[in-house]
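[1] Fold the following.
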Amino acid sequence: MQDSQPKPSRRGFFLGAAATGVAAAAVVALPGAPAPVASVHKLPPVPENGGGYSLSEHVKRYYKTTLV
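    Predicted coordinates:
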């Protein structure tokens with residue numbers, strides 16, 4: 001007996017992936033759809049006389065990656 005189903009191909013995969021992406025973009029662009037909630041981080045106030053540099057945790061992590 002022969003298989004009646006064809007082997008999956010790359011072309012079919014990419015066509016399906018593209019269709020899924022278009023559908024997702026359409027859902028996001030629909031009017032009345034809830035907007036994605038972005039995480040808002042409270043930043044410290046900007047100094048009045050300039051010098052807005054602060055040694056935050058992510059800056060400290062970066063400095064650790066540059067150690068030789």
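
[2] and residue 55, how many neighbours?
    If you count neighbours by other Cβ atoms under 10 Å, residue 55 ends up with 8. Using the backbone N, CA and C atoms, a C-beta is placed for each residue, glycine as well.

[3] Where in this structure is the helix or strand with the lowest mean pLDDT?
    helix 10-29 (a mean of 86; mean pLDDT, DSSP states H and E).

[4] Quick check: what element follows that helix along the chain?
    Using DSSP states H and E, the next helix or strand after helix 10-29 towards the C-terminus is helix 57-65.

[5] tell me the mean pLDDT over that next one?
    Predicted confidence along helix 57-65 averages 93 (mean pLDDT).

[6] Tell me the buried residues in the least confident helix or strand of the chain?
    By 16 or more other Cβ atoms under 10 Å, helix 10-29 has no buried positions at all.

[7] same question, stretch 54-61
    When burial is assessed from 16+ other Cβ under 10 Å, stretch 54-61 yields no buried residues.

[8] May I have it exported as PDB, CA atoms only?
    Taking Å, rounded to 0.1, in the frame of the first residue of the first chain, the C-alpha atoms of stretch 54-61 are listed here in PDB:
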ATOM      1  CA  SER A  54      24.000  56.300  37.600                       C
ATOM      2  CA  LEU A  55      25.600  53.000  38.400                       C
ATOM      3  CA  SER A  56      22.600  50.700  38.000                       C
ATOM      4  CA  GLU A  57      22.500  46.900  38.300                       C
ATOM      5  CA  HIS A  58      22.600  46.400  34.600                       C
ATOM      6  CA  VAL A  59      25.600  48.700  34.300                       C
ATOM      7  CA  LYS A  60      27.400  46.700  37.000                       C
ATOM      8  CA  ARG A  61      26.600  43.400  35.100                       C
END
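
[9] Fine by me, we can end here.
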